[in-house]
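Novice: Turn this into a model:
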Amino acid sequence: MNNPMLEAVKTLLKETFEGPEENASWYTEAKPGSGLFGTLKQLSSEEASISIYGTSIAAQTDHTRYYLWVANSYLQGDVPEKDWEASWKITSVDKITWKQYNDELQQEYQTLFKTIDSLDSLDEQTFNGILGAIAHSAYHLGSIRQMSKAIKVPSQT
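Specialist: Residues are numbered from 1 along each chain as shown. Take a look at the predicted model:
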């Protein structure tokens with residue numbers, strides 16, 4: 001479907017996850033790597049496991065993945081059974097699990113992008129779901145970026 005609103009949605013979704021293009025931004029920091037994937041790539045599993053105000057970057061990451069999975073399910077006509085609390089129970093990850101969380105987040109993002117491309121009609125609920133995916137993911141991007149600043153503070157020696 002060639003729809004200007006959907007093209008704008010894809011631009012913002014791409015900026016949220018992949019970062020802005022060529023030092024231009026609609027709302028994120030206009031630097032390479034400032035999207036969710038670039039931000040997460042800079043973090044080790046140990047850093048992703050640090051608890052900050054009762055949660056970790058690993059939990060924020062998996063929650064974002066889970067939200068996208070739910071959104072994808074609804075957009076594809078399924079009504080999944082949901083357990084929103086499950087992702088927040090994550091306290092720490094090892095290197096393998098951290099990579100898995102990042103890979104699964106990328107897969108859900110790619111699925112959402114393909115689903116948007118395949119839409120042949122838009123009703124209000126579908127549009128709300130897509131816009132909600134952007135807003136929710138952008139919220140967690142901001143949280144993760146602030147948390148990563150807190151754990152990477154240079155020592156004051």
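
Novice: remind me which residues of the protein are low pLDDT?
Specialist: 1, 23, 153-157 (pLDDT under 70).

Novice: Go again with 50.
Specialist: Across the chain, the stretches falling below the confidence threshold (pLDDT under 50) are 155-157.

Novice: contacting residues for the residue positioned nearest the centre of it?
Specialist: Centroid-nearest residue in the chain: residue 137, 4.4 Å away (criterion: C-alpha atoms, centre = their mean). Neighbouring residues of residue 137 by C-beta atoms under 8 Å, 6 or more residues apart in numbering: 13, 16, 17, 36, 64, 67, 68. To be clear about C-beta, it is placed using only N, CA and C from the backbone, and glycine gets the same treatment.

Novice: can you check residue 33 too?
Specialist: So residue 33 contacts 19, 39, 41, 42 (C-beta under 8 Å, 6+ apart).

Novice: Filter those down to the buried ones.
Specialist: 19, 39 (16 or more other C-beta atoms under 10 Å).

Novice: Can I get the strand or helix carrying residue 14 in CSV? Just the C-alpha atoms.
Specialist: Per DSSP states H and E: residue 14 is located in helix 4-18. C-alpha atoms of helix 4-18 as CSV (Å, rounded to 0.1, in the frame of the first residue of the first chain):
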residue,chain,number,x,y,z
PRO,A,4,2.0,8.7,3.1
MET,A,5,1.0,8.1,6.7
LEU,A,6,2.4,4.6,6.7
GLU,A,7,5.6,5.8,5.1
ALA,A,8,5.9,8.4,7.9
VAL,A,9,5.2,5.6,10.4
LYS,A,10,8.0,3.5,8.9
THR,A,11,10.4,6.4,9.0
LEU,A,12,9.8,7.0,12.7
LEU,A,13,9.9,3.3,13.5
LYS,A,14,13.2,3.0,11.6
GLU,A,15,14.6,5.9,13.5
THR,A,16,13.5,4.4,16.9
PHE,A,17,15.2,1.1,16.2
GLU,A,18,17.9,1.7,13.6
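
Novice: how distant is it from the center of its chain?
Specialist: Distance of helix 4-18 from its chain centroid, counting by C-alpha atoms, centre = their mean, to the nearest Å, is 13 Å.

Novice: And for stretch 123-139?
Specialist: 12 Å.
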